[in-house]
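Colleague: Curious how this folds, go ahead:
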Amino acid sequence: MSTPKFVLAAVVAAVCTLDSPTWAWMQASVPQAGPLLVADPPKVDFGDAFQGEVLEQVVTVKNTGDEGFPVGSIQTSCGCTAARIVGPDGIEYPTRSAGSEPILTLGPGEEMKVQVEFHTQGKSGTIDQSMKVHHIDGQRVPPLEVGVHVRVTKAIQVTPPWLNLNHILKTQRVEEEVVVEATEIGPWKILGFENQLAGQPLPPWMTFEVLDTEGPRRRIKVVLDGERPVGPINARVLVMIEHERIKQVDFALTAIIDPNVTFDTGNPAYPDNINFEQMKPEDKVTRTLKITNTNPAVPYLLDAVDVVSTKADFFSTAIRVIEPGMSYEVDVTADGAIGDPFFRGSVMLRARHPDVPSKMIQYHGWVKK
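Modeller: The predicted structure follows:
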């Protein structure tokens, strides 16, 4: 016996008039074929937040299917979003499987808690990320995706946000200031300073002094004092804040640490380059390279100066010791009889010093015919 058409129409109409929460409840209540995960809430909306806050929300993930769901991993779409898993047994699990075995398996009707964290440090504006729960067989079963939404505004900022100290000497004392300024956020306090790299302390030769403890604008003295390794510094400093919502703000600090030994060719634009300029064939032109060591505890002992060129015979050098281990002058003389309209080469300095055992100085010039 066939069902009358008006009865079918009535059933369809009844289903279509169900509001979405009711329909979602019916879907979650009725076991589905195969594994099927449902998240509550289906999307994490943190709303408005201040830069520096760490936001947290727990998402309940339930297996509403009729098969077990072996969880292979939980992934977030950026480093600012993190997740922690607590299984049905109350035990915290890792977010990634170490091999082919799942992290855990959610049986039909079982659920786990996923704590979603969003770190707002360095973020601003409207941000949309995601958290995904992957089946161990990702080729067969698509992941459960939970969106993460937040709007971040900067309530505290550091000026300058990037403190670039350029070139400084290895033991040179440097003092600079940055300003931490807050909008109307109520009482707040600077607690201290940390390295953004977790588990790594700030170097002992980098210290900070809070000069102001009241008002919206707080000055911080940044001091670099003491011996530090030669090479680049790239640090991101966390300013730890005592506030009910904002816990930290950061700024970048960069510099190039040079040895305590400096080389001056008398060429301001290119201090590591000797410029003989234009000379005549009958001329002999001398340029003086000045070497200065600013650290008496580590002497710079110059042993030799060599001209590196296929026409080294047209050059001569002479070393004058101004103060042993501390100051030298090196005369480099070019002979215009070299014959080339344009010449170039280098001078190699060899010394006993831990940071600059050798130093290459370029030279160039012209011979007018």
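Colleague: Run through this structure and note the low-pLDDT ranges.
Modeller: 1-34 (pLDDT under 70).
Colleague: Please enumerate the helices of it.
Modeller: 5-16, 20-29 (DSSP state H).
Colleague: Specify the beta-bridge partners of residue 328.
Modeller: residue 291, residue 321 (DSSP bridges).
Colleague: Equivalent analysis for residue 241, please.
Modeller: residue 190.
Colleague: how much space between it and residue 166?
Modeller: With distances taken as C-beta to C-beta, to the nearest Å, residue 241 is found 29 Å from residue 166. From N, CA and C alone the C-beta is placed, and that goes for glycine too.
Colleague: residues of stretch 236-246 that come out buried?
Modeller: 236, 237, 238, 239, 241, 243, 246 (16 or more other C-beta atoms under 10 Å).
Colleague: So which residue is dead centre in the chain?
Modeller: For the chain, the residue nearest the mean C-alpha position is residue 236 (6.9 Å; C-alpha atoms, centre = their mean).
Colleague: Now that one: closest residue in space that isn't a chain neighbour?
Modeller: Excluding its sequence neighbours, the residue lying closest to residue 236 (C-beta to C-beta, 6 or more residues apart in numbering) is residue 196, at 4.0 Å.
Colleague: tell me the contacts of the one you found?
Modeller: Remark: with contacts taken as C-beta atoms under 8 Å, 6 or more residues apart in numbering, residue 196 is in contact with 235, 236, 237, 238, 250.
Colleague: Mind putting those into a markdown table with distance to residue 131?
Modeller: Compiled in a markdown table, those are given as follows (distance: C-beta to C-beta, whole Å):
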| residue | distance to residue 131 |
| --- | --- |
| 235 | 30 |
| 236 | 25 |
| 237 | 29 |
| 238 | 25 |
| 250 | 24 |
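Colleague: ok, of those residues, which one's closest to residue 332?
Modeller: Nearest to residue 332, judged by C-beta to C-beta, of these is residue 235 at 39.1 Å.
Colleague: burial of the residue nearest to the closest one when sequence neighbours are not counted, as a residue count?
Modeller: Leaving aside its sequence neighbours, residue 235 sits nearest to residue 253 (C-beta to C-beta, 6+ apart; 4.7 Å). By the criterion of other C-beta atoms under 10 Å, residue 253 has 19 neighbours.
Colleague: Name all residues that make contact with residue 253.
Modeller: Counting by C-beta under 8 Å, 6+ apart, residue 253 has contacts 163, 165, 206, 222, 233, 235, 236, 237.
Colleague: domains of the chain?
Modeller: Domain assignment for the chain, taken from automatic domain parsing, gives 5-152, 156-258, 261-367.
Colleague: mind checking how far the shortest one is from the chain centre?
Modeller: If I follow you right, that is domain 156-258. 15 Å (C-alpha atoms, centre = their mean, to the nearest Å).
Colleague: same check, this time on the first one
Modeller: On the basis of C-alpha atoms, centre = their mean, domain 5-152 is displaced by 30 Å from the centre of the chain it belongs to.
Colleague: same question, stretch 258-269
Modeller: Distance, centroid of stretch 258-269 to centroid of chain: 31 Å (C-alpha atoms, centre = their mean).
Colleague: Out of the contacts of residue 253, name the ones that lie in strands.
Modeller: 163, 165, 206, 222, 233, 235, 236, 237 (DSSP state E).
Colleague: Quick check: the two most widely separated of the residues you listed?
Modeller: Checking the ones in strands among the contacts of residue 253 with C-beta to C-beta, the most distant pair is 165 and 236, at 14.5 Å.
Colleague: From the contacts of residue 196, pick the one nearest residue 349.
Modeller: The nearest one, if we look at the contacts of residue 196 relative to residue 349 and count by C-beta to C-beta, is residue 235, at 31.8 Å.
Colleague: looking at it, that closest one is touching residue 254, isn't it?
Modeller: Yes: Residue 235 is in contact with residue 254 according to C-beta atoms under 8 Å; the separation is 7.5 Å.
Colleague: Between those two, which is the more surrounded one?
Modeller: Using other C-beta under 10 Å, the more surrounded residue of residue 235 and residue 254 is residue 235, with 17 against 14.
Colleague: How about the contacts made by the more buried one?
Modeller: Applying C-beta under 8 Å, 6+ apart to residue 235 gives the contacts 195, 196, 202, 206, 252, 253, 254.
Colleague: same check, this time on residue 185
Modeller: Contacts of residue 185 (C-beta under 8 Å, 6+ apart): 50, 155, 156, 243, 245, 246.
Colleague: pretty sure the third one is in contact with residue 249, am I right?
Modeller: This means residue 156. Yes: in this structure residue 156 lies within contact range of residue 249 using C-beta under 8 Å: 4.7 Å.
Colleague: more crowded one of these two?
Modeller: residue 249 (25 against 22).
Colleague: Show the contacting residues for that one.
Modeller: 51, 52, 121, 156, 157, 158, 180, 238, 239, 241.
Colleague: What of residue 71?
Modeller: Here residue 71 is in contact with 85, 102, 103, 104, 105, 106, 112, 133, 134, 135, 136 (C-beta under 8 Å, 6+ apart).
Colleague: Neighbour count for those - can I get that in JSON lines?
Modeller: Formatted as JSON lines, these follow (neighbours: other C-beta atoms under 10 Å):
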{"residue": "85", "neighbour count": "20"}
{"residue": "102", "neighbour count": "19"}
{"residue": "103", "neighbour count": "21"}
{"residue": "104", "neighbour count": "19"}
{"residue": "105", "neighbour count": "17"}
{"residue": "106", "neighbour count": "24"}
{"residue": "112", "neighbour count": "24"}
{"residue": "133", "neighbour count": "25"}
{"residue": "134", "neighbour count": "21"}
{"residue": "135", "neighbour count": "19"}
{"residue": "136", "neighbour count": "17"}
